[in-house]
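fold the following.
(one chain, ligands or ions: 1)
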Amino acid sequence: MANDPTAKTLAELGAADAAAVVRLFGEVHEQFVRETSIAPDLQSWEELRNAWLGRKSGALTRITENWLKTASPALRPTVGKCLNELRAQVEARLGELQQAIEAGAEASAMARDRVDLSLPGVQRPVGSRHLIRQTFADIERIFLSLGFTVVEGNEIETPYYNFEALNIPEHHPARDTMDTFYLETPPGAPQWLLRTHTSPMQVHTMQAKQPPVRIIVPGKVYRRDNPDATHSYMFHQVEGLAVDTDITFCDFKGTVEYFVREFLGPKVKTRLRPSYFPFTEPSVEVDATCVFCGGKGCNVCKQSGWIELFGAGMVDPAVYGFVHYDAKKFSGFAFGLGVERLTQLKYNINDLQLYFQNDVRFLRQFA
Ligand code: PHE
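Numbering: from 1, shown residues only. Take a look at the predicted model:
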């Protein structure tokens, strides 16, 4: 400030009475109002605050030093009162300006970070469970309600678990129906294969615990089949096994009938046809009345009215020998559900390959 009055004493300024003091303060206040009339940015606000309130060199400090401390006792009360008023005004105005600066900064940050809610967002299509998974869940729900528990096994097995311990010795013709994928291993090393059915888990389970046993085993199995409408080199099974001291063929039949009715609907009837598996005796194929014609006969059931569902039977006592169960004390049943086949019957799907092609036009129909 050129010719700054605050740099001089009251005597030097010729202010000899209260009126002159009030006038001087009035001038200083006007000066302050002029300097703060334009909205400052943060930096110039800091400069203003230093110029007016700075403890060492601010205008108010100078007034204290040059006017108040040198004032005659008669003028001192007036100087003190005016100085207090001026300080209050300066502090209030600088506070106001500081708030305005902060609000401005916030507003511009909001403008910068503004989210345009009217813009279309990134569309992420919602997935759904694959039909095979839905059938697994269906099967599990039914057997859980009967007191079975769900266990899972490895997809890689040894020939012992996949065949021998299931009463299928090395040169048994039953192996021919399961053209198997063997893993490459060094000559002389133990053999490994992709399991051809979930039945090896019967053996693992019985080895691990004594009866009572009630398990189902959902999982993938592999066979060297060429893909067509009814074959795939990988498909899904749910194995079932129940062993206890008092399990009869009636329990087996009742369980199977209950499952089929729960899964395919209350109108469906079942029948058991004699069959052969090395690890069950007697063995059966479980048939159901054709879901497409209701048993009258149609193309799907080849006019027979029946459709083959899955293989099953009472556990062959020879298998108990492999797992050290007392065959005189225990009895039980086992079954192997083909998941693709059951799904095909429930949803009327005519090509097994559809499950594995991952074409959303197919999958969406069951979402
Ligand atoms: N494991 C047999 C198969 O894959 C099915 C089956 C399981 C039969 C359990 C009887 C008992 O063909």
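
mind listing what's buried along the strand or helix carrying A137?
Using DSSP states H and E, A137 maps to helix 131-144. Within helix 131-144, the residues scored as buried using 16 or more other CB atoms under 10 Å are 131-132, 134-136, 138-140, 142-143. All C-beta spots, glycine's among them, are computed from the backbone N, C-alpha and C.

ok, now stretch 80-98?
82-83, 86, 90, 93-94, 97.

what of stretch 245-252?
Applying 16+ other CB under 10 Å to stretch 245-252 flags 247, 251-252 as buried.

adding pLDDT and secondary structure as columns, could you present the residues you listed in TSV?
Output for these, formatted as TSV (pLDDT from 0 to 100; DSSP: H, G, I helix; E, B strand; the rest coil):
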residue	pLDDT	secondary structure
I247	97	coil
D251	97	helix
F252	97	helix
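
let me know the closest of these to A229.
Nearest to A229, judged by CB to CB, of these is F252 at 31.5 Å.

any idea which helix or strand comes after the helix holding A137?
By DSSP H and E, the next helix or strand past helix 131-144 is strand 149-150.

who are the packing partners of that following strand?
Secondary-structure packing of strand 149-150 (3 or more CB pairs under 8 Å, 6 or more residues apart in numbering; DSSP states H and E): helix 131-144, strand 213-222.

any idea which of the ones you listed gets closest to the ligand?
In terms of CB to the nearest ligand atom, the element of the helices and strands packed on strand 149-150 nearest to the ligand is strand 213-222, at 7.0 Å.

what angle do helix 131-144 and that closest one make with each other?
170 degrees (axes from the mean of the first three to the mean of the last three CA atoms, to 10 degrees).

who does strand 213-222 pair up with?
Strand 213-222 pairs in its sheet with strand 149-150 (parallel), strand 234-244 (antiparallel), by DSSP bridges.

which residues of the stretch 101-250 of the chain lie near the ligand?
197, 199 (CB under 6 Å from any ligand atom).

low-confidence stretches in the stretch 101-250 of the chain?
177 (pLDDT under 70).

of all the residues in it, which one is nearest the ligand?
Counting by CB to the nearest ligand atom, the stretch 101-250 of the chain gets nearest to the ligand through H197 (3.4 Å).

for the closest residue to that residue other than its chain neighbours, give the beta-bridge partners.
Leaving aside its chain neighbours, H197 sits nearest to V221 (5.3 Å; criterion: CB to CB, 6 or more residues apart in numbering). Note on V221: beta-bridge partners by DSSP bridges are F235.

where does L337 fall, secondary structure wise?
Going by DSSP H and E, L337 is part of strand 331-338.

and the helix or strand following that strand, what's buried?
Sequence order places helix 339-347 as the next helix or strand after strand 331-338, per DSSP H and E. By 16+ other CB under 10 Å, the buried positions in helix 339-347 come out as 339-346.

phi first, then psi, for the closest residue to K346 other than its chain neighbours.
Counting by CB to CB, 6+ apart, L264 is the residue found nearest to K346 once chain neighbours are left out, at 6.3 Å. Main-chain dihedrals, L264, degrees, to the nearest 10: phi -100, psi -10.

L264 reaches T289, doesn't it?
No. L264 lies out of contact with T289 (CB atoms under 8 Å); the separation is 9.0 Å.

re earlier: now, of the strands paired with strand 213-222, which is deepest in the fold?
strand 234-244 (a mean of 22; mean count of other CB atoms under 10 Å).

alright, I will stop here.
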